[in-house]
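Peer 1: Test case, fold it:
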Amino acid sequence: MALGALGQVHISVTDVDASVAFYRDVLGMTHLFTVQGQPMAFFQAGDVRLYVGVPTSPEYTSKCVLYFTVDDIDAEVVRLEGLGVAMLEQPHIVHRDHGTALWMSGLTDPDGHHIILMQSKSE
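Peer 2: Presented below is the predicted three-dimensional model:
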C-alpha cells in the first residue's frame with residue numbers, strides 16, 4: 001500500500017484563540033474555520049491543512065517543528081520582526097548543492113513550537 005500526500009498536521013496548543021491570532025495575523029496563513037464549542041481551528045498551508053487544537057487526551061499531545069517555504073526569507077524576517085516576533089536566528093545557509101543554497105531562519109509560536117522559514121536560492 002502506498003500512502004497518498006500528507007493531508008493534515010495537528011499541533012497541540014494551550015490557547016486556540018492565541019494560536020489563531022498568531023497563525024492568521026502574524027504568519028498570514030489562511031484561517032479556514034474554528035469549530036464552535038470545540039478547542040480546534042484549521043488553516044491552509046499549501047496543500048496541507050494545519051489543525052491547531054487542545055488535545056483531547058495526553059496521548060494526542062504533539063510537539064513538532066514546522067518548516068514553511070517562503071519566496072523571500074529576508075523580507076519575511078523583516079516583516080515578522082516588524083510585528084514584534086523575536087527571531088531565534090537570522091537567515092543563514094544550511095546547505096549548498098549544485099548551485100543552490102538552502103537558507104533557514106527560525107522562530108516559535110505561542111506554545112513554543114519551532115517554526116522554520118526556508119528558501120532555496122540560486123548561487
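Peer 1: Mind giving me the packing neighbours of the longest helix seen in the chain?
Peer 2: Longest helix in the chain, counting residues (DSSP state H): helix 73-82. In terms of contacts (3 or more CB pairs under 8 Å, 6 or more residues apart in numbering; DSSP states H and E), helix 73-82 is packed against strand 89-97, strand 100-108, strand 114-122. For the C-beta atoms, the positions are set from N, CA and C on the backbone; glycine is no exception.
Peer 1: quick one: buried residues of the first one?
Peer 2: Buried residues in strand 89-97, counting neighbours by 16 or more other CB atoms under 10 Å, are found at Pro91.
Peer 1: got the angle for it vs helix 73-82?
Peer 2: Counting by axes from the mean of the first three to the mean of the last three CA atoms, to 10 degrees, strand 89-97 lies at 160 degrees to helix 73-82.
Peer 1: which outside residues touch strand 89-97?
Peer 2: With CB atoms under 8 Å, 6 or more residues apart in numbering as the test, strand 89-97 has contacts from Ile73, Asp74, Val77, Ala101, Leu102, Trp103, Met104, Ser105, Gly106, Leu117, Gln119, Glu123.
Peer 1: Quick one: mean pLDDT over it.
Peer 2: Averaging pLDDT along strand 89-97 gives 96.
Peer 1: now the end-to-end length of stretch 45-60.
Peer 2: End-to-end span of stretch 45-60 (CA to CA, to the nearest Å): 21 Å.
Peer 1: And what about Ala18, helix, strand or coil?
Peer 2: helix (DSSP: H, G, I helix; E, B strand; the rest coil).
Peer 1: if I look at it, how far off is Ser12?
Peer 2: Remark: distance between Ala18 and Ser12 (CB to CB, to the nearest Å) = 13 Å.
Peer 1: of these two, who's got more company?
Peer 2: The neighbour comparison of Ala18 against Ser12 (other CB atoms under 10 Å) goes to Ser12, with 18 against 14.
Peer 1: Who is the more buried one paired with across the strands?
Peer 2: Counting by DSSP bridges, Ser12 forms beta bridges with Gly53.
Peer 1: give the contact list for it.
Peer 2: When contacts are counted by CB under 8 Å, 6+ apart, Ser12 is found next to Gly53, Val54, Pro55, Tyr60, Thr61, Ser62, Lys63, Asp111.
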